[in-house]
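> below: sequence and its predicted model.
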Amino acid sequence: MVPLLRPLFVNLKDRFLNEDGQDLVEYALIVAMLSFCAIAAERNVAVSISGAYQNLANAFNANF
């Protein structure tokens, strides 16, 4: 190995083996997943509520 490249490879190896900050990335991925699920559920609930209000409006219009 070229002597000038050895410090570069040692530095890169140390960076890849270093696990500092790994927990932060895992927590960020969990938060992102929970946010995605909440948004998906919120859209389904909104469609259901809209359908219920539409049925209620149709019932009022049919009777009055």
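Received it, and whenever you're ready, just let me know what you need.
> where does this structure dip in pLDDT?
1-2, 21 (pLDDT under 70).
> where exactly do the helices run in it?
Assigned by DSSP state H, the chain shows helices spanning 6-17, 22-63.
> for those helices, please prepare JSON lines with the additional fields mean neighbour count.
Placement of C-beta: from N, CA and C, glycine included. Converted to JSON lines, these look like this (neighbours: other CB atoms under 10 Å):
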{"stretch": "helix 6-17", "mean neighbour count": "9"}
{"stretch": "helix 22-63", "mean neighbour count": "10"}
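> what distance do you get for Pro7 to Asn18?
The gap separating Pro7 from Asn18 is 16 Å, by CB to CB, to the nearest Å.
> what do you get for Ala57?
61 Å.
> Ala32 now?
On the measure of CB to CB, Ala32 and Asn18 end up 23 Å apart.
> report the central residue of this protein.
Taking CA atoms, centre = their mean, the centroid of the chain lies closest to Ala32, which sits 2.4 Å from it.
> for that residue, give me its contacts.
Ala32 makes contact with no residue, according to CB atoms under 8 Å, 6 or more residues apart in numbering.
> how far away is it from Lys13?
For Ala32, the distance to Lys13 - CB to CB - is 29 Å.
> got it, and Leu4?
Applying CB to CB to Leu4 and Lys13 gives a distance of 16 Å.
> how about Gly51?
58 Å.
> go on, Ala40?
Where Lys13 is concerned, Ala40 sits at a distance of 41 Å (CB to CB).
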